[in-house]
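Peer 1: 3D model of this:
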Amino acid sequence: MPAARGGSRVQAKPQVKAPARPAKRPAAAASRPKLSPKHVLMIAGGVLTLALAVGLTTGERGATIAQSVVSGFDNRLGNAGFRVKAIHVEGASALARPDIIKAAGVGIGQPLLGLDLVQVQGKVGRVGWVEEARVVRLLPDTLVITVKERRQLAVWQHGGRTFVIDERGRKIPEADPARFTTLPLVVGAGGAKHAPDILPTLAQRPKLMARMEALVRVDDRRWDLRLKDGSLIQLPAVEQEAALMKLEALDLRSHILDLGFERIDLRNPDAMTVRPRPVVAAVPSAPPAQNQSPA
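Peer 2: Sure, this is the predicted structure:
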């Protein structure tokens, strides 16, 4: 083995790097627990209950403080993801849905848990389209509005104004009559109130309904049926169904609805008067002029 010059040879050991230490988290961040949505809701319930108790026991000043606490915590819940992202309206037609959403007054991004559902339900219930309403939260981000819509019965015309009415004769202010051309037209004072009584009876007679242009209330005591061809059927103030049955019997015998007439008076229960249309005499046409050649 050759001798080492200048003393013995020392072999250097390779240096081993110490593992990097993880960066220290701030003390507040390290000690802050991460809450699940379930825990957030449990805390929210406790805060709301405490705020309610404070408001009830400390009077007006306490209620103001409690409201501030609830508002602040509601914003924290909103930051945690409990904000309105969708509003679903169930049971309403496409025409009614925009008015219902507008009346509810709830916007996208609004904190969901802070909504007063009773107040929202009251606003929706005052919309003319709505018979009944129910509002619920669907966590974490959806508001569901379920309604029973009023059934549209007819278009009522009176005093130069026109409304859509429901099956109880109530006006639906939000409904545009121009979009309900298939509904029967009711005309005159008292027409909206009394139309629900007679229209179901008329609906059982589709042949007559197909020919009817308007149902006219006369002196707020009886009805006239004005047909599309200009004919008039005068109904009595009472026992309208019995009068319509007489009209049906006449039509079976003589096809009076197809032949046409000027007026049928059914006001007298003991007699029915039919006035035919006046016969228009044909005007003879003048003979054609003859060309005369000059003499």
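
Peer 1: do a quick rundown of the strands in the stretch 151-295 of the chain.
Peer 2: Using DSSP state E, counting those that start in this stretch, the strands of the stretch 151-295 of the chain run over residues 152-158, 161-166, 185-187, 212-218, 222-227, 232-234, 263-265, 273-275.

Peer 1: list the buried ones in the first one?
Peer 2: Judged by neighbour count using 16 or more other C-beta atoms under 10 Å, the buried positions of strand 152-158 are Q152, L153, A154, V155, W156, Q157. Glycine gets a C-beta too; all of them are placed from N, C-alpha and C.

Peer 1: send me it as CSV with only the CA atoms.
Peer 2: Provided in CSV are the C-alpha atoms of strand 152-158 (Å, rounded to 0.1, in the frame of the first residue of the first chain):
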residue,chain,number,x,y,z
GLN,A,152,-109.1,32.1,-14.8
LEU,A,153,-112.9,32.1,-15.6
ALA,A,154,-113.7,35.0,-17.9
VAL,A,155,-112.8,38.4,-19.2
TRP,A,156,-115.0,41.1,-17.6
GLN,A,157,-115.6,44.4,-19.3
HIS,A,158,-117.2,47.3,-17.5
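
Peer 1: what's the angle between it and strand 212-218?
Peer 2: Inter-element angle recorded for strand 152-158 and strand 212-218: 60 degrees (by axes from the mean of the first three to the mean of the last three C-alpha atoms, to 10 degrees).

Peer 1: nearest to K102, of the strands of the stretch 151-295 of the chain?
Peer 2: Closest of the strands of the stretch 151-295 of the chain to K102 is strand 161-166, at 18.1 Å (criterion: C-beta to C-beta).

Peer 1: for that closest one, what is the average pLDDT?
Peer 2: Mean pLDDT, strand 161-166: 97.

Peer 1: how about it: buried residues?
Peer 2: Neighbour-count burial for strand 161-166, counted by 16+ other C-beta under 10 Å, picks out T162, F163, V164, I165, D166.

Peer 1: how about the helices in this protein?
Peer 2: Counting by DSSP state H, the chain has helices at residues 27-31, 37-79, 97-104, 117-125, 191-203, 206-211, 240-254, 256-259.

Peer 1: now do the fifth one: which elements does it pack against?
Peer 2: Judged by 3 or more C-beta pairs under 8 Å, 6 or more residues apart in numbering; DSSP states H and E, the packing partners of helix 191-203 are strand 152-158, strand 161-166, strand 185-187, helix 206-211, strand 212-218, strand 222-227, helix 240-254.

Peer 1: cool, the third one as well?
Peer 2: In terms of contact count using 3+ C-beta pairs under 8 Å, 6+ apart, helix 97-104 is assigned the packing partners strand 86-90, helix 117-125, strand 142-149.

Peer 1: tell me the strands beside the last one, with direction?
Peer 2: Based on DSSP bridges, the strands next to strand 142-149 in the sheet, each with its direction, are strand 86-90 (parallel), strand 130-138 (antiparallel).

Peer 1: now the last one against helix 117-125, angle please.
Peer 2: In this structure, strand 130-138 runs at an angle of 150 degrees to helix 117-125, with the same axes, to 10 degrees as the basis.

Peer 1: so what touches strand 130-138?
Peer 2: If you take C-beta atoms under 8 Å, 6 or more residues apart in numbering as the criterion, strand 130-138 is touched by 88, 92, 96, 100, 104, 112-113, 115, 117, 120-121, 124-125, 143-150.

Peer 1: pLDDT of it, averaged?
Peer 2: Averaged across strand 130-138, pLDDT comes to 97.

Peer 1: measure how that strand sits relative to strand 161-166, angle-wise.
Peer 2: Using the same axes, to 10 degrees: strand 130-138 against strand 161-166 is 60 degrees.

Peer 1: could you dump strand 130-138 to CSV, C-alpha only?
Peer 2: The C-alpha trace of strand 130-138 is given here as CSV (Å, rounded to 0.1, in the frame of the first residue of the first chain):
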residue,chain,number,x,y,z
VAL,A,130,-102.2,33.3,-6.2
GLU,A,131,-104.9,31.4,-4.3
GLU,A,132,-102.4,29.8,-1.7
ALA,A,133,-98.7,30.1,-1.2
ARG,A,134,-96.0,28.3,0.8
VAL,A,135,-92.3,29.2,1.0
VAL,A,136,-89.5,27.0,2.2
ARG,A,137,-85.7,27.0,2.3
LEU,A,138,-83.8,24.3,0.5
